[in-house]
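Q: Can you look at this prediction? I've put the sequence above it.
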Amino acid sequence: MTAAPAQPRSTTPPSSPTFYVTTAIPYVNGDPHLGHALELVQTDVLARHARLRGRPTRFLTGTDDHALKNVSAARAADREVGEFVAERVEDFRALRPALSLSTDDFLSTSSDARHRPGVEALWRRCAEAGDFYLRSYEGLYCAGCEQFYSPDELDASGRCPEHLPLPERVVEENWFFRLSRYAARVREEITSGSVRINPPAKRNEVLAFVDAGLEDFSVSRPATRSDGWGVPVPGDPSQVIYVWWDALTNYVTALGYGSDQADPGAADDYRTWWSGGDERVHVIGKGITRFHAVYWLALLLSAGEPLPTTIHVHDYVTAGGAKLAKSAGTAVHPVGLVDAYGTDALRWWFAREVPLLGDAEFTAERLVARHDDELAHGVGNLVNRTLTLVHRFRGGIVPALPRTRASAPDELGSAVGQVAPAVDAALADADLRAATGAVRRVVDAANRYVNTEKPWELAARERAGDADAAEAAAHLDEVLARLVEACRVVAVELSPFVPDGAARLREQLGGPAGGGQESGTDRVGTPVPVFPRLG
């Protein structure tokens, strides 16, 4: 496993709009699983792509430490909760090198000094708006979701739609947030496009939830339920702030929100990336959509703070038709997969197999097949053929590209010219499958170009010294130059998806760091399989 390589340079001006992108933060009551890895890789792709295009970018992830289920897991392990959580947090930190993530920040809600002041500051802002009140409550509580459900939200057997155990009936006195006060404003922010929920089907689900009527919800728990684990409610130490409130605030506490109690939004990072930033993007799983697309918006509106601009919602990775989950015993550990198959193979499977809408069934066989067919045979074969031809016929020196191009580009020219805008458009919707499909079209077009142009025949005509030898030599130069250009474009556009393999490609292909081509003076490296077959 290697650390994430540096990104290729871009010529985009530094005045490009900022891009702040975050994952949801997982509970640490068990090992990381493939679902966590999916979200991290999806978000990493968006961050790497933004940097590739020259945009100032910040990528945040972390862990949700104050969940009651973390307390329960520590009790079951006969461990002190703080010690147990700190140990588990490190398992999630270890995903960074394993998955070649380019994270800029990692926030652990229980140990990061930035977090608690920001949670308290946001609470006080909402309190000043008059949006809290104390109320006795009885409801059905799912410990897996850390969420209360109404009876009509449960399945026919009375179970949570996400978890198997029956919800627990809980009676307690908590602080409630006046969510109902913000129903119209939340709906307006979504329907106006100020907050984009992607894909549209998820937006429609959120609007249906809002239109069904928003009820005030509990935002605290008695401290006795969690042995005091959590952030105490300001002014009421008998209660701790509900884990979902605590967790949602990480997106702004990581930026220093609340570091100045007189002006919670005064921190430089907060002004750069949130209040004065251009894009504020959350990448989340479908099971927590209402928290991010409804509750979080309402909390920020109450506090008078800007809202996220985009919420990308993904579905689940399944195994045997079931959601991957620690509690269900269906978890697949991503580090084990990386150890067995490599980071490139796992990241490529996420990019190529997981649809924008709908669950993706995981098997190791599918992972191997995708890698071998598209990376080893497709990309790897193209680059190997191209470098071999350049070494064989031009001593490893890349010929200069023709000064003029045909007015009507051929298939390869069209694929090369269209790949960057196609990737940009697809990743604006977090559609990794469509984005990698555009890169695959370049690879396929280039492989067909080799077969059509037959550079080995051109070389034979050049060596024969016939009347058309000079024409054959010029044509061969053009073919080789165009193939190297296509390979370099592929290597650059692949870098957000398989950064390790793309770095190896760029090393072999040589040339300018941005993936371009110099005037017949750059040299390519020796062809070595970049994506060795797994099967």
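A: It's in.
Q: Would you confirm that residue 240 contacts residue 228?
A: Yes: applying CB atoms under 8 Å, one finds residue 240 in contact with residue 228, separated by 6.9 Å. The way it works is simple: take the backbone N, C-alpha and C, and place the C-beta from them, glycine included.
Q: Looking at those two, which is more packed in?
A: residue 240 (24 against 14; other CB atoms under 10 Å).
Q: Helix, strand or coil: sort out the more buried one for me.
A: The local conformation at residue 240, judged by DSSP: H, G, I helix; E, B strand; the rest coil, is strand.
Q: what do you get for residue 277?
A: Criterion first, three-state DSSP; result for residue 277: coil.
Q: so it touches residue 21, yeah?
A: No: assessed by CB under 8 Å, residue 277 is found out of contact with residue 21, at 10.8 Å.
Q: and residue 140, that one's in a helix?
A: No: going by three-state DSSP, the assignment for residue 140 is strand, not a helix.
Q: Show me where the stretch 351-500 of the chain has its strands.
A: Here the stretch 351-500 of the chain has its strands, by DSSP state E, counting those that start in this stretch, at 360-361.
Q: Residue 277 and residue 21: who's more crowded?
A: Ranked by neighbour count (other CB under 10 Å), residue 277 and residue 21 place residue 21 first, with 26 against 20.
Q: got the contact list for that one?
A: For residue 21, the contact set (CB atoms under 8 Å, 6 or more residues apart in numbering) comprises 43, 46, 47, 50, 57, 58, 59, 60, 279, 281, 282, 283.
Q: Helices of the stretch 351-500 of the chain, start to end?
A: Listed in chain order, the helices found in the stretch 351-500 of the chain under DSSP state H, counting those that start in this stretch are 364-370, 381-394, 411-428, 432-453, 455-464, 469-494, 499-509.
Q: between the ones you listed, which one is nearest to residue 272?
A: Checking the helices of the stretch 351-500 of the chain against residue 272 by CB to CB gives helix 411-428 as the closest, at 21.9 Å.
Q: list the helices and strands the closest one packs on?
A: helix 34-52, helix 432-453, helix 469-494 (3 or more CB pairs under 8 Å, 6 or more residues apart in numbering; DSSP states H and E).
Q: Reformat these into JSON lines and put mean pLDDT and mean neighbour count next to each item.
A: JSON lines is the format used below for the helices and strands packed on helix 411-428 (pLDDT from 0 to 100; neighbours: other CB atoms under 10 Å):
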{"stretch": "helix 34-52", "mean pLDDT": "97", "mean neighbour count": "24"}
{"stretch": "helix 432-453", "mean pLDDT": "97", "mean neighbour count": "19"}
{"stretch": "helix 469-494", "mean pLDDT": "96", "mean neighbour count": "21"}
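Q: Which one, of these, ends up nearest to residue 316?
A: helix 34-52 (6.2 Å).
Q: what angle do the closest one and helix 499-509 make?
A: 40 degrees (axes from the mean of the first three to the mean of the last three CA atoms, to 10 degrees).
Q: Any stretches of the stretch 51-200 of the chain with poor pLDDT?
A: 139, 141-156, 158, 160-165 (pLDDT under 70).
Q: If we use 80, what do you get?
A: For the stretch 51-200 of the chain, applying pLDDT under 80 flags the ranges 138-171.
Q: At which residues are the helices of it located?
A: Using DSSP H, counting those that start in this stretch, the helices found in the stretch 51-200 of the chain span residues 68-76, 81-93, 95-99, 115-128, 183-191, 200-211.
Q: Out of the ones you listed, the one nearest residue 524 is which?
A: helix 95-99 (29.5 Å).
Q: Show me what that closest one is packed up against.
A: For helix 95-99, the packing partners by 3+ CB pairs under 8 Å, 6+ apart are helix 34-52, helix 334-341, helix 343-353.
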